[in-house]
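K.L.:
Sequence plus the predicted model coming up.
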Amino acid sequence: VVSVPRVMHNRRRLLYLLVNVLLSIAVIVMTTLTMARFAKAFSGGGSGTVADPYQVADCTQLQEMRDNLAANYALTQYIECNGTGFEPIGSSSSQPFTGSLDGRNYTIGNLTIDADVSSEAIGLFAFTQSATIKNIQLTSPRATASSSATSLASMGTLIGSMSGGSVSDIRALSVDLTSY
């Protein structure tokens, strides 16, 4: 015969164990969801290494470069951005682009970048640090900053602010830099 206090003790242990298992499952699920939310996969081919750079084939993939600032990228064809608003890659001095982009002599057409109020620099790359950018042609790029962008210190169509690194074989045709 099992006494009542012993049965209650066993039930408490079982309840305690069940609560701990459920809490552990909840922590695992929340961690997985959080990691999935912040780990954005690049939609193009490649692995982002020097030997196998991410393959950029359209303006959406060009914009995805913001999600991995240290990776290596290469254009695979002419990219038409249709004048839609583009958010600069490496948008702050504390998070500069540090990877590489080889344009493979392809063109990015009609890239339009508008500075917001908090912009310090604008360009396809707002800030770069020790980055390598080469073999790109920009056709009809447009960068615009309003007078409300009071913290804007530098503006360009390719790079707003560069610290170290290298830029080679870059061409820009029909450039429009506007500040109003």
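P.N.:
Right, received. Where do you want to start?
K.L.:
in the chain, which spans are strands?
P.N.:
54-56, 72-75, 79-80, 100-109, 112-114, 121-122, 125-129, 132-139, 142-145, 154-155, 159-163, 166-173, 176-179 (DSSP state E).
K.L.:
Show me what the fourth one packs onto, helices and strands only.
P.N.:
Right, the one you point to is strand 100-109. strand 72-75, strand 79-80, strand 132-139 (3 or more C-beta pairs under 8 Å, 6 or more residues apart in numbering; DSSP states H and E). All C-beta atoms are positioned from the backbone trio N, CA, C, and that covers glycine.
K.L.:
Check those for me and report the most buried one.
P.N.:
Mean neighbour counts were compared across those using mean count of other C-beta atoms under 10 Å; the top stretch is strand 72-75, at a mean of 22.
K.L.:
which strands and helices sit next to that one?
P.N.:
strand 54-56, strand 100-109.
K.L.:
Among those strands, which comes closest to Gly123?
P.N.:
Distance to Gly123, taken as C-beta to C-beta, is lowest for strand 100-109 among those, at 11.9 Å.
K.L.:
Now do that closest one against strand 132-139: the angle between them, please.
P.N.:
0 degrees (axes from the mean of the first three to the mean of the last three C-alpha atoms, to 10 degrees).
K.L.:
Partner strands of strand 100-109 and their direction?
P.N.:
Neighbouring strands of strand 100-109 in its sheet, by DSSP bridges, are strand 72-75 (parallel), strand 79-80 (parallel), strand 132-139 (parallel).
K.L.:
Surely Gly90 and Leu69 touch.
P.N.:
Yes. Taking C-beta atoms under 8 Å as the definition, Gly90 is a contact partner of Leu69 at 5.6 Å.
K.L.:
more neighbours, those two?
P.N.:
Higher neighbour count among Gly90 and Leu69: Gly90, with 27 against 19, using other C-beta atoms under 10 Å.
K.L.:
Chain neighbours aside, what residue packs nearest to that one?
P.N.:
Nearest non-adjacent residue to Gly90, counting by C-beta to C-beta, 6 or more residues apart in numbering: Phe97, 3.4 Å away.
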